[in-house]
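J.: prediction below, plus the sequence it came from.
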Amino acid sequence: MSNPVKTKALDRIDINILDTLQREGRISNVELAKKVNLSASPCIDRVKRLEKEGYIDGYGARLNATKLGCGTAVFIQVTLDRTTSDIFNQFRDAVIKIPQVAECHMIAGGFDYLLKLRLKNMDAYRMMLADIVDLPGVAQTHTYVVLESVKQDQGLPVKPALESTGFN
């Protein structure tokens, strides 16, 4: 039996660390400590605790999709021909193997899954659509091509979460 990691309640400093790290993942510990008004040693201890407790899933860089040949984004609604755990598992296992699928979400509502694909162009989309419709259980798809990204993922709104708890 696994022993779950005990988590400590987040305080204002933890929230500020999380907010800073998600915006500036390459920040040094010394600079982070300055931003959150701690000395370096307690700051790194808090970061390690936040990692251990699972608040920080990892670190990464935001890449330029267009420069890397993935400038076309499409969303595809997928409706399955039946909704059973077996077909959900088969679909999930197949879709996670497709590198062009950047995101896949099971949806409650009028369809079953919403996929986000990153592709080179519309020709690449057309070829990929043939693979998507052949995934296990797919009955119907509807595609929406992104013309302009008005706002992209900016991270989690941890500061507003902090404010709603009265930690100001």
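T.: Cool, got the structure.
J.: show me where this protein has helices.
T.: 12-23, 29-35, 40-52, 85-95, 122-133, 158-164 (DSSP state H).
J.: looking at the ones you listed, which is nearest to Glu103?
T.: helix 85-95 (10.2 Å; CB to CB). Backbone N, C-alpha and C define where each C-beta goes, glycine included.
J.: hang on, the earlier thing: got the helices of the chain as CSV, with mean neighbour count and mean pLDDT columns?
T.: Below are those laid out as CSV (neighbours: other CB atoms under 10 Å; pLDDT from 0 to 100):
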stretch, mean neighbour count, mean pLDDT
helix 12-23, 18, 94
helix 29-35, 15, 97
helix 40-52, 15, 96
helix 85-95, 14, 97
helix 122-133, 14, 96
helix 158-164, 14, 67
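J.: ok, which of those helices comes nearest Leu63?
T.: Nearest of the helices of the chain (CB to CB): helix 12-23, 16.2 Å.
J.: which strands or helices does the closest one pack on?
T.: Contacts defined by 3 or more CB pairs under 8 Å, 6 or more residues apart in numbering; DSSP states H and E place helix 12-23 against helix 29-35, helix 40-52, helix 158-164.
J.: could you tell me the angle between that helix and helix 40-52?
T.: 70 degrees (axes from the mean of the first three to the mean of the last three CA atoms, to 10 degrees).
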